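Colleague: build me a model:
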Amino acid sequence: MSAPIVIAHRGVPGARLEHTRPSYLLGIEQGADYIEPDVVATKDGALVVRHENEIGGTTDVADRPEFAHLRTTKVIDGKTLTGWFTEDFTLEQIKTLRTRERLPRVRPQNLPLEGLEQILTFDEVIDIAEAENARRGPDEGRVGVYVETKHPTYFRNLGLDLNDRLLEVLERRGLNHAGAKVTIQSMETANLRALRERTPLPLVQLMEKSGAPYDLAVTYDPRDYPALTAPTELARIAEYADGIGPHKNLVIARDAEQNLAGETGLVRDAHEAGLVVHVWTMRNENSFLPRSLRSGADTSDPGDAKAELMAFYAAGVDGVFSDFTQTAVEARSDHLSSAAPTGS
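Modeller: Numbers count the residues shown, from 1 in each chain. Here you go, the predicted model:
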């Protein structure tokens, strides 16, 4: 039985501030196969690591009077947002900011960590992985980098093409070649199709449980994410991508009571199309778990996340994005030793 990979989703946000050096280091320590950064662009074209290009909720920028004039309202992928945006800052300015917890009500344990860490560049995340790989012996597995480009159509329209900038970094670091432990993912389709001609690295088509890729929506293409899970669409995805990264509800559905309601067949269909399946996002807190696996009175309390992970491993997924690397690694070990059926 092949072992599913565990991807440290922005590091270990359940215990450290997401996208920070301590978060990635903890993911590596706890056994992640990959660390995962989201990348957006600065005004001067640097790739920095943030969940979104709007950084008012994940940094101390709102408390910095020197940047008050940069607060503005923009339309990002059809949604109106007010705040501060990476593309209005130079890298030098971005580096003066300090990170904050994105989900303070769910993860109050991370609040004492605020104000300590800088925003990382994509280069610095590669540095973290390479430093660990240099430390390891020849018989130990290597840590990979699983990078997501955020809002590629939006940034391309600003003249900040994320594909160009991503490949520039990978070329400069000697990582744009077959066998490099780097995977590229996106919620959009057109940028992945364009990347296919420029890199041999694995590409993964992300899928939300609802809505549509912005590049399809803006061209009036009627297909949404659920439509992309059809076997005919999976075959089309396989022409440019090596895998899919679906929201977990697309793999095991939930019923009206928010309990697991059975496998959808997506894993089987994707495998028949030659695609791997890396599901997201596995989290320990009650607010993200099926109702039957919740425990305690608070939505931020931990529930039986291992049981949910075991269900997805049994469904045959090839990997999981997790905010709690240790839980995902332990559940994988239990699954592999249980001789449980896979892909039922």
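Colleague: tell me the phi and psi of residue 60?
Modeller: phi -90, psi 20 (degrees, to the nearest 10).
Colleague: in the chain, which spans are strands?
Modeller: 5-9, 34-36, 38-41, 47-49, 72-76, 79-83, 144-149, 182-186, 203-207, 243-246, 252-254, 260-263, 276-282, 319-322 (DSSP state E).
Colleague: so what's the residue count around the residue lying closest to residue 288 once chain neighbours are set aside?
Modeller: Once flanking residues are discounted, residue 288 sits nearest to residue 281: 7.7 Å by CB to CB, 6 or more residues apart in numbering. Yep, even glycine has a C-beta here, placed from its N, CA and C like the rest. The local packing of residue 281 (other CB atoms under 10 Å) involves 17 other residues.
Colleague: correct me if wrong: residue 281 contacts residue 9.
Modeller: Yes - contact criterion CB atoms under 8 Å: residue 281 and residue 9 qualify, at 5.5 Å.
Colleague: okay, and the common contacts of the two?
Modeller: 321, 322, 323 (CB atoms under 8 Å, 6 or more residues apart in numbering).
Colleague: ChimeraX command for the buried members of those residues?
Modeller: ChimeraX command restricting those to the buried ones, with burial defined by 16 or more other CB atoms under 10 Å:
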select :321,322,323
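Colleague: just the helices in the protein please.
Modeller: 21-29, 91-94, 122-135, 152-157, 162-172, 190-196, 214-217, 225-228, 231-237, 266-272, 305-314, 325-338 (DSSP state H).
Colleague: and the third one, what's its mean pLDDT?
Modeller: Okay, so that is helix 122-135. Mean pLDDT, computed over helix 122-135, is 98.
Colleague: next, the angle helix 162-172 makes with that helix.
Modeller: Interaxial angle of helix 122-135 relative to helix 162-172 (axes from the mean of the first three to the mean of the last three CA atoms, to 10 degrees): 30 degrees.
Colleague: please tell me how far the residue nearest to residue 181 when sequence neighbours are not counted sits from residue 64.
Modeller: Closest residue to residue 181 apart from its sequence neighbours, by CB to CB, 6+ apart: residue 144 at 3.4 Å. Using CB to CB, to the nearest Å, we find residue 144 at a distance of 35 Å from residue 64.
Colleague: please say which of the two ends up with more neighbours.
Modeller: residue 144 (20 against 15).
Colleague: surely that one touches residue 129?
Modeller: Yes - Residue 144 sits in contact with residue 129 when judged by CB under 8 Å, with a separation of 6.9 Å.
Colleague: what's the overlap in contacts for those two?
Modeller: 35, 181.
Colleague: which residues touch the residue nearest to residue 288?
Modeller: 9, 248, 288, 321, 322, 323.
Colleague: again with residue 24
Modeller: 8, 11, 35, 125, 128, 129.
Colleague: now the second one. Nearest residue, chain neighbours left out?
Modeller: Excluding the flanking residues, the one nearest residue 11 by CB to CB, 6+ apart is residue 23, at 2.6 Å.
Colleague: just the fifth one next, same as before
Modeller: Take residue 128 and drop its neighbours on the chain: the residue closest to it by CB to CB, 6+ apart is residue 24, 5.0 Å away.
Colleague: look up how far residue 27 lies from the residue nearest to residue 162 when sequence neighbours are not counted.
Modeller: Leaving aside its chain neighbours, residue 162 sits nearest to residue 149 (4.3 Å; criterion: CB to CB, 6+ apart). Residue 149 sits 20 Å away from residue 27, going by CB to CB.
Colleague: I appreciate the help and will end here.
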